[in-house]
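[1] no sequence for this one, just the structure:
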């Protein structure tokens, strides 16, 4: 068992929890603006991040390693605009993609094929996550300043399953 990989997987587990916390904060922000569709979207996004954290937790323990949970540092709670919040969402997902790629590189460096195989799911997931973040960012930029269009987008986001 390579200590560097164990530490990196634990850091990623905690990063997934941090992202969940961020998306919960975004849901609360949008709820405060009465943009319930956006709030719903980010609540589901937060739940997905918790599922990702659980996948790391289960993998770490199945390999006989110890899970280390860190304190989740406070995240941004308020944004100056819908655009800023959605931009932060995109940036968080882009950063997470880079973290996953670094984990794959680390697994390859140490010849840990099981961890590399485990991370393949996350590589595919991050393609989807970034695509969703780009799509939402683009739509929010298109409706900027148009309240009717923003409310229409809010209704669409409320339909996310």
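    Arrived safely, thanks for sending. These numbers were taken from a predicted model, which means no experiment stands behind them. Numbers count the residues shown, from 1 in each chain.

[2] quick one: the residue nearest to residue 49 when sequence neighbours are not counted and residue 141, what's the gap?
    Spatially, and ignoring its direct neighbours in sequence, residue 49 is nearest to residue 20 (3.6 Å; C-beta to C-beta, 6 or more residues apart in numbering). In this view, the C-beta of every residue, glycine as well, is placed from N, C-alpha and C. Per C-beta to C-beta, to the nearest Å, residue 20 is found 25 Å from residue 141.

[3] Compare those two and say which one has the larger neighbour count.
    Using other C-beta atoms under 10 Å as the criterion, residue 20 and residue 141 rank with residue 20 on top: 21 against 11.

[4] Provide a list of residues in contact with the more buried one.
    Shown in contact with residue 20 (C-beta atoms under 8 Å, 6 or more residues apart in numbering): 46-47, 49-50, 53.

[5] mind listing what residue 89 touches?
    Residue 89 makes contacts with 23, 26, 42, 45, 133, 136-137, as judged by C-beta under 8 Å, 6+ apart.

[6] what sits against residue 56?
    Contacts for residue 56 were tallied using C-beta under 8 Å, 6+ apart; they are 9-10, 12-13, 16.

[7] Mind telling me what element it is part of?
    Element membership of residue 56 [criterion: DSSP states H and E] is helix 36-62.

[8] Which SSE is immediately downstream of that helix?
    Sequence-wise, the next helix or strand downstream of helix 36-62 (DSSP H and E) is helix 82-109.

[9] ok now that next one, how far from the chain's centre?
    When C-alpha coordinates are averaged (C-alpha atoms, centre = their mean, to the nearest Å), helix 82-109 and its chain have centres 8 Å apart.
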